[in-house]
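In: Following is a predicted model, sequence given first.
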Amino acid sequence: MCYYYKTLKGLTYVSPFFIAFTELFKNTIDMSDASNTTATTEVGKLKLAIQKSGRLHDDSMKLLKECGIDISNGVNKLKAEASNFPLEVYFLRDDDIPQYVEDGVADIGFVGENVVLEKKKKVDLVEKLGFSKCRLSIAVSKGVNYENASFLEGKKIATSYPVIVQDFLDREGIKADIHEISGSVEIAPGIGLAEAICDLVSSGSTLFMNGLKEVETILQSQAILIKNKHLNIEQQQVLDKMLFRIQSVKKAKNNKYVLLNAPNENLEKIISILPGMKSPTVLPLAEKGWSSVHSVLKESEFWDIIEQLKALGAQGILVVPIEKMII
Ligand code: PRT
Ligand code: ZN
């Protein structure tokens, strides 16, 4: 299987540092664009577009909650206001979010990267949000002998992502017939509509149940925060505040707080494998010869380090989730 990772055409990654830097020069850089923006947001208030219902909705709302932003969303409402943050939330179809953000009808949006890349709208990528992870993959019938992308030459590919698929074919130098369909893509080979499909995959069970196998991953996707290119200074400041909270929530999710009892004879070795935020906290225990060690571990390194700690005689290891992490 070969992997192609996104070329963010029309989508620029903007780091928080870059945002802060460009803010200093915003008046000179963006004044010529100011008349182009259709943003009607009152000074310092942000309009956020999120999915009304579907796979992104619950995690989007959860993220706002974890950021301490309270939204009272009445059933069937299209718009809601945060009670404790300068934010208004619009509930929309995910496909429409990039357009609304480009036009400035919404200032920012939570949406799948796959949708932003397919729509090719002029928006900035601010942050990857870490939920709704999936991949956009080519699949063919199980029995097909697929060796590489040249199999697709002259074939029909059914997909809801014609733009991203065409980019992939262009990169591979392959000419194929893209057949755009809006749903149930996975049934296309079975009914003779196409020899291959390109669709989102997460667990892979939909492909499996339809007698298909995944042969190329052309994009890795997740929910992202996008922004309009013409935010005013006050809006950018509110976005920076929100971004700071989002990053604190993300860091907390990727880390665990660990407390353990360590025999003093191995204390130095134990400390050397525990990173901590600055360095681990070490407190003497009432029982002689033992210390209590507190530290923060990355989720990805967690099991490796715990095994090493056990081997060094650590006992009573407690692992606690972190709610927010402000560094
Ligand atoms: O109504 P609206 O237009 O707002 O929503 P929608 O129906 O177009 O989108 P929705 O809610 O289905 O998905 C929203 C976003 O969730 C997508 O744009 C992706 O960014 C993300 N996402 C994450 C997924 C999946 N995982 C996913 N598995 N979107 C769709 N799927 C589908 C896929 O199309 C296939 O039918 O799930 C099936 C495959 O799943 P597995 O687990 O069987 O592999
Ligand atoms: Zn949609």
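Out: It's in. Ligands and ions are numbered 1, 2, ... in the order given.
In: From here on, just use CA atoms for contacts and neighbour counts.
Out: Fine.
In: Please identify the helix or strand for the residue of the stretch 101-250 of the chain at minimum distance from ligand 2.
Out: As assessed by Cα to the ion, ligand 2 sits closest to Val115 within the stretch 101-250 of the chain, at 8.1 Å. Assigned by DSSP states H and E, Val115 belongs to helix 113-119.
In: Same question for Ser60.
Out: For Ser60, the host element (DSSP H and E) is helix 57-66.
In: Met61: neighbour count?
Out: 18 (other Cα atoms under 10 Å).
In: distance of it from Met325?
Out: As defined by Cα to Cα, to the nearest Å, Met61 lies at a distance of 20 Å from Met325.
In: repeat for Gly316
Out: From Gly316 to Met325 the distance is 24 Å (Cα to Cα).
In: and those two? which has more neighbours close in?
Out: Met325 (16 against 11).
In: returning to that earlier point: was I right about the residue of the stretch 101-250 of the chain closest to ligand 2 contacting Asp95?
Out: Yes. Assessed by Cα atoms under 8 Å, Val115 is found in contact with Asp95 at 6.3 Å.
In: residue boundaries of the strands in the stretch 51-200 of the chain?
Out: 79-81, 87-92, 108-112, 123-128, 134-141, 156-159, 177-180, 196-201 (DSSP state E, counting those that start in this stretch).
In: could you redo those as a markdown table and give each row distance to Leu312, mean neighbour count and mean pLDDT?
Out: As requested, the strands of the stretch 51-200 of the chain are arranged in a markdown table below (distance: least, Cα to Cα, whole Å; neighbours: other Cα atoms under 10 Å; pLDDT from 0 to 100):
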| stretch | distance to Leu312 | mean neighbour count | mean pLDDT |
| --- | --- | --- | --- |
| strand 79-81 | 53 | 17 | 94 |
| strand 87-92 | 50 | 20 | 96 |
| strand 108-112 | 44 | 28 | 98 |
| strand 123-128 | 37 | 22 | 98 |
| strand 134-141 | 39 | 22 | 98 |
| strand 156-159 | 54 | 25 | 98 |
| strand 177-180 | 58 | 18 | 98 |
| strand 196-201 | 42 | 24 | 98 |
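In: Format the ones you listed as JSON lines; extra columns: distance to ligand 2.
Out: Formatted as JSON lines, the strands of the stretch 51-200 of the chain follow (distance: least, Cα to the ion, whole Å):
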{"stretch": "strand 79-81", "distance to ligand 2": "18"}
{"stretch": "strand 87-92", "distance to ligand 2": "9"}
{"stretch": "strand 108-112", "distance to ligand 2": "10"}
{"stretch": "strand 123-128", "distance to ligand 2": "18"}
{"stretch": "strand 134-141", "distance to ligand 2": "15"}
{"stretch": "strand 156-159", "distance to ligand 2": "14"}
{"stretch": "strand 177-180", "distance to ligand 2": "14"}
{"stretch": "strand 196-201", "distance to ligand 2": "12"}
